[in-house]
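1. Sharing a model that was predicted from the sequence below.
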Amino acid sequence: MPGRFHPRGAIMRDCLKNRSGFDRVLMAVAATFLTVSATSALAQSDPARNSAAELAIDAAVPRPEPANVPPPTASDFKPDATKPDTAKADTAISAPAAPTANASATKPAEAKPADVATAPAPAPAAAKPDVAKPDVAATEPAKTEPAKTEPAKSDTATTAPAAAPAAEPVKAASNIPAADQPVADKLRDLFGSKSLRYFDRKAERAVVEKFYTARDFAPLWTQGGTPTEAAKGVIARLKDAASDGLNAADYPAPDFAAATTPDALAEADLKLTDSMLDYARQAQSGRMHYSQVSGDIQYPEHPTDPAEVLANVTSAKDASTALDSYNPPQKLYRELKAKLAELRGVGNGPVIEIGQGPVLKFTAPGKKQQAAVMEDPRVPQLRAKLGVSEDADDTHYDAKVAEAVRKFQESAELRPTGVLDDQTVRALNNPKRDKQIDTVVVNMERWRWLPRDLGAPAIGDAYVILNIPDYTLKVMQHGAQVWTTKVVTGKPGIHATPLLTETMKYITVNPTWNVPPSIVYGEYLPALQQDPTVLQRMGLRLDRNPDGSVHISQPPGEANALGRIRFNFPNKFLVYQHDTPDKYLFAKDERAFSHGCMRVQNPDQYAAVLLGITQPNEHYTADKIRSMYGHSEIDLKFPTPVPVNITYQTAFVDDAGKLQIRKDVYGRDATMLAMLRNAHGKDMENVVAHSQPSYSHPVGNLPTSVNYASAGSSGPSFFERLFGGPSVAPAPPPGRRPVPPRNVYTR
């Protein structure tokens with residue numbers, strides 16, 4: 001209505017809620033031309049308004065200025081049909097100015113400003129936007145007066161506390177039920193304490209604290225004091241740790257049934273989180289770091305990410321399965337796990353018992369005699385027990401049965417003769433199950449060191465796996481065996497073949513043998529002291545450099561110690577796979593004779609298989625490989641490197657599903673078992689630093705009568721000579737033709 005005054009931001013009393021009614025009160029006051037002095041007198045008549053707080057409120061209320069407006073009419077006080085409570089208040093106040101039929105029901109004396117201010121007003125009316133908008137619009141002219149805009153700020157500040165309850169749901173975004181809040185509070189206190197006895201690893205503690213903080217410290221494993229399904233799944237997996245060759249005592253599970261207080265529930269929550277992280281870490285990487293066992297082991301590290309473990313297990317539909325997924329995924333590991341369950345589940349006595357009888361043996365044929373094959377009704381039982389699936393009903397004690405008996409004798413620490421005598425029969429009928437269980441467990445532990453993916457996806461997950469105690473090499477692709485051959489491995493002791501995973505990058509046909517520094521120092525330099533001509537007689541080349549270093553090599557050829565082919569997978573141990581002129585060694589059952597490298601029985605076929613996988617369009621065959629034999633080095637590079645995994649499997653399951661046990665030729669089993677039994681709190685997961693091999697040139701004092709092929713620059717290191725790198729070709733000795741250049745094929 002023209003000339004209507006709406007005070008902006010007026011504050012009457014805390015209990016005044018109806019802004020619309022207050023506006024109409026001021027209108028009525030303006031219409032009756034009440035003066036400021038009259039209003040002051042009215043205020044002085046009420047002792048309650050003489051307080052400093054009330055005077056401050058009065059001072060904050062803008063006073064109406066004189067305006068040339070007509071007096072209000074009855075239509076100005078027409079009740080608002082949408083606000084019945086407000087209409088009643090307006091009618092009561094306007095009664096003296098415009099009497100109506102209801103005037104007798106409202107006493108003018110009751111329409112005191114103080115009474116109106118203290119009367120409770122409906123709360124919804126104060127919150128409706130259609131009431132607030134006219135106030136803002138009507139007070140626009142007052143924005144130019146600084147004194148009148150200040151109260152608006154005061155209003156906002158005064159009403160802020162009233163709006164605070166509406167902001168509380170932001171804190172409750174974590175949706176912590178009231179029953180869990182005491183536990184959450186205790187968890188917050190525990191993380192704030194420096195004496196938290198869980199999570200010894202600082203990195204894990206930081207991740208766990210961040211994870212709980214994001215949840216507003218809500219308990220992870222309980223709801224209302226009751227374990228969740230995830231908690232039950234994790235606890236079940238921890239209690240069944242022995243099925244994976246682990247020790248359940250290392251992963252204590254809390255008793256939530258006994259946790260009846262917030263303090264106990266919070267402690268149990270952290271205890272389960274700690275055990276879960278320990279299990280996942282050790283299931284994936286092992287209870288001991290491989291460097292604790294020996295310095296000649298190196299596999300790619302694949303530690304768990306605590307944040308990933310927490311997110312994965314807590315969000316999984318099946319927490320037990322999610323936690324189990326941190327165990328090795330390889331088929332050979334799962335087969336060992338099944339055999340471990342069988343060994344622990346078998347009662348007293350074997351399933352198949354071999355009866356007593358005469359001594360059985362097989363005599364290999366000689367030049368003037370035939371093979372001596374004995375026959376016995378016990379042989380079919382023997383075949384079944386030892387996993388000889390071929391000719392299962394044959395009663396002849398042939399070469400295959402004799403070989404299976406010999407391998408069993410070796411695993412049982414008997415004299416490996418291949419003869420079935422009474423002692424062997426007793427061992428077959430009463431195997432040392434505890435020893436077999438221990439052997440399976442340490443082999444499962446070693447599987448945790450290997451990469452999760454053994455092969456290269458680009459070439460059908462192809463890879464090479466060599467088992468040292470079994471002296472076999474296999475090429476795998478698409479989860480199946482493609483090819484296999486016998487190998488010769490390193491001697492026990494300082495020449496043991498290392499355990500490693502690397503990638504084979506190329507094959508060298510007609511390789512030069514660059515003698516490793518260990519052999520130069522340990523064997524050839526002492527030999528030269530005894531006989532200065534020994535290397536010449538062996539066909540070896542001796543180069544002496546100005547810095548005093550010595551390099552010994554053997555040129556390509558049929559008599560080369562590496563044979564015709566070398567398979568290169570650069571590694572810090574300076575080992576590789578290669579051919580050998582000493583083919584007779586493959587006829588032996590135990591073939592630990594090398595200086596650490598691995599000699600392959602059929603290298604031409606091996607090369608053809610690998611090239612067929614990496615370069616299928618080139619159609620390499622063994623014949624094609626042999627056609628390259630000569631006196632010039634030829635490198636056949638792989639477009640996609642092939643992973644090579646050197647393993648130590650003294651227990652494995654063969655193709656017939658039988659558990660095979662092999663001799664602990666390097667003592668790896670014994671070392672690991674001793675560590676597991678005598679840990680006593682020692683952190684076996686720590687990395688042990690070992691001395692690294694040196695690629696420097698051997699230096700030694702040699703007799704003056706030694707003949708050198710050259711005395712040029714120091715040249716490349718042994719590692720560079722062996723696996724590639726900048727090289728300086730030595731000058732050929734007088735009277736000797738130069739070494740032909742190396743040819744490289746990169747097709």
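-> Now that the structure is in, tell me what you want to look at.
2. okay but Ala230 is in contact with Leu323, surely?
-> No: contact criterion CB atoms under 8 Å: Ala230 and Leu323 do not qualify, at 9.8 Å. Backbone N, C-alpha and C define where each C-beta goes, glycine included.
3. residues shared between the contacts of these two?
-> In terms of CB atoms under 8 Å, 6 or more residues apart in numbering, Ala230 and Leu323 are both contacted by the residues Val313.
4. how near is Glu229 to Ala259?
-> According to CB to CB, to the nearest Å, Glu229 and Ala259 sit 17 Å apart.
5. Those two: which is more packed in?
-> Ala259 (20 against 11; other CB atoms under 10 Å).
6. ok, the more buried one - contacts?
-> Per CB under 8 Å, 6+ apart, neighbours of Ala259: Gly225, Leu265, Glu267, Ala268.
7. tell me which element the third one falls in.
-> It stands for Glu267. Assigned by DSSP states H and E, Glu267 belongs to helix 262-285.
8. mean confidence score for that helix?
-> Averaged across helix 262-285, pLDDT comes to 97.
9. Now it: buried residues?
-> 262, 264-285 (16 or more other CB atoms under 10 Å).
10. and what of stretch 316-333?
-> Neighbour-count burial for stretch 316-333 flags Ala316, Ala319, Ser320, Ala322, Leu323, Asp324, Tyr326, Asn327, Pro328, Gln330, Leu332, Tyr333 (criterion: 16+ other CB under 10 Å).
11. Closest to Lys637 out of these?
-> Nearest to Lys637 among these, counting by CB to CB, is Gln330 at 28.6 Å.
12. so the closest one touches Pro451, yeah?
-> No: proximity of Gln330 to Pro451 does not meet the contact threshold set by CB under 8 Å, at 9.5 Å.
13. sec struct for the nearest residue to Asp244 once chain neighbours are set aside, please.
-> Counting by CB to CB, 6 or more residues apart in numbering, Asn327 is the residue found nearest to Asp244 once chain neighbours are left out, at 5.3 Å. The three-state label given to Asn327 by DSSP: H, G, I helix; E, B strand; the rest coil is coil.
14. quick one: contacts for Asn327?
-> Asp244, Ala283, Gln284, Tyr333, Arg448.
15. what residue ranges in the stretch 551-700 of the chain score low on pLDDT?
-> The stretch 551-700 of the chain contains residues with pLDDT under 70 at 680-681, 693-700.
16. go on, the stretch 201-350 of the chain?
-> The stretch 201-350 of the chain contains residues with pLDDT under 70 at 346-350.
17. quick one: the nearest residue to Arg448 once chain neighbours are set aside from Pro581, how far?
-> Setting aside the residues directly before and after it, Arg448 is nearest to Gly286 in space (CB to CB, 6+ apart), at 3.9 Å. As for Gly286, its distance to Pro581 is 40 Å (criterion: CB to CB).
18. wouldn't Ser389 be in contact with Val401 here?
-> No: assessed by CB under 8 Å, Ser389 is found out of contact with Val401, at 11.7 Å.
19. These two: who's more crowded?
-> Counted by other CB under 10 Å, Ser389 and Val401 do not tie: Val401 has more neighbours, with 26 against 14.
20. Figure out the helix or strand that that one lives in.
-> Secondary-structure element containing Val401, defined by DSSP H and E: helix 399-411.
21. ok, now Met504?
-> According to DSSP H and E, Met504 maps onto strand 499-509.
22. Over to Thr321?
-> Using DSSP H and E, Thr321 falls within helix 319-324.
23. Equivalent analysis for Val234, please.
-> Taking DSSP H and E as the criterion, Val234 maps to helix 229-239.
24. Outside of that helix itself, list whatever touches it.
-> By CB under 8 Å, 6+ apart, the list of residues contacting helix 229-239 reads 221-222, 227, 248, 251-253, 256, 272, 275-276, 279, 313-314, 316, 318-324.
25. Kindly recompute the last result at 7 Å.
-> With contacts defined as CB atoms under 7 Å, 6 or more residues apart in numbering, helix 229-239 is touched by 221-222, 248, 251, 253, 272, 275-276, 279, 313-314, 318-320, 323-324.
26. what's Phe408 in contact with, if anything?
-> Phe408 makes contacts with Leu386, Leu428, as judged by CB under 7 Å, 6+ apart.
27. and the gap between Val534 and Pro365?
-> Val534 sits at a distance of 40 Å from Pro365 (criterion: CB to CB).
28. any idea how far Tyr279 is from the closest residue in space to Val642 that isn't next to it in sequence?
-> Distances taken as CB to CB, 6+ apart place Met504 nearest to Val642, at 4.6 Å, with adjacent residues excluded. Met504 sits 35 Å away from Tyr279, going by CB to CB.
29. cool, and Ala249?
-> From Ala249 to Tyr279 the distance is 12 Å (CB to CB).
30. just Pro365 next, same as before
-> Pro365 is 56 Å from Tyr279, by CB to CB.
31. same deal with Asp582?
-> Asp582 is 48 Å from Tyr279, by CB to CB.
32. what do you get for Gln181?
-> Counting by CB to CB, the gap from Gln181 to Tyr279 is 29 Å.
33. coming back round to it: pLDDT of the strand holding Met504, averaged?
-> 97.
34. Next one: Thr640 from Lys491, what distance?
-> Using CB to CB, Thr640 is found at 34 Å from Lys491.
35. residues in contact with Ser389?
-> Ala656.
36. What separation do you get for it and Val313?
-> According to CB to CB, Ser389 and Val313 sit 41 Å apart.
37. so who does the closest residue to Lys400 other than its chain neighbours touch?
-> Leaving aside its sequence neighbours, Lys400 sits nearest to Val388 (CB to CB, 6+ apart; 5.5 Å). Shown in contact with Val388 (CB under 7 Å, 6+ apart): Lys400, Val401, Ala404.
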